[in-house]
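Asks: just the structure for this:
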Amino acid sequence: MPYTEKEKKRVLARVRRVKGQLNALETALEEGTECSSVLQQIAAIRGAVTGVMRQVLESHVRETFGSAAELPPGERDEAVEDLNDLIRSYLK
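Replies: Okay, here's the model as predicted:
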């Protein structure tokens, strides 16, 4: 769970956008929209959900490992960002 109020608001905003995309997908399916448009919407939803997961995971890594690492603050921040870069690469 995002730990700061700012992060929480950002994640909730993303979730609400995903909800809107899902509603649009439901409408498209009910109306018999062409497959290519439906598939494009599904791909957009998948990307949006991945973005939510990445944001929550990055927040967790910062809060759990960022201040607890036995490194000087500058090196610790760099190590956390390196880990987040790795995570981002897997969540594409």
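
Asks: below-threshold pLDDT in this structure: ranges please.
Replies: Scanning the chain with the threshold set as pLDDT under 70 gives 1-2, 66-70, 92.

Asks: so where do the strands sit in it?
Replies: Counting by DSSP state E, the chain has no strands at all.

Asks: the residue nearest to residue 54 when sequence neighbours are not counted: how many residues sit nearby?
Replies: Excluding the flanking residues, the one nearest residue 54 by C-beta to C-beta, 6 or more residues apart in numbering is residue 91, at 4.8 Å. Every C-beta, even on glycine, is put in place using the N, C-alpha and C of the backbone. Neighbour count for residue 91, taken as other C-beta atoms under 10 Å: 14.

Asks: and what of residue 17?
Replies: 15.

Asks: how about the one 4 residues further on?
Replies: Summarising burial for residue 21: neighbours were counted as other C-beta under 10 Å, giving 18.

Asks: wait, what's in contact with it?
Replies: 41, 44-45, 48 (C-beta atoms under 8 Å, 6 or more residues apart in numbering).

Asks: how about residue 84?
Replies: By C-beta under 8 Å, 6+ apart, residue 84 lies in contact with 58, 61-62.

Asks: can you tell me how far it is from residue 42?
Replies: Separation of residue 84 from residue 42 (C-beta to C-beta, to the nearest Å) stands at 27 Å.

Asks: same deal with residue 83?
Replies: Residue 83 is 30 Å from residue 42, by C-beta to C-beta.
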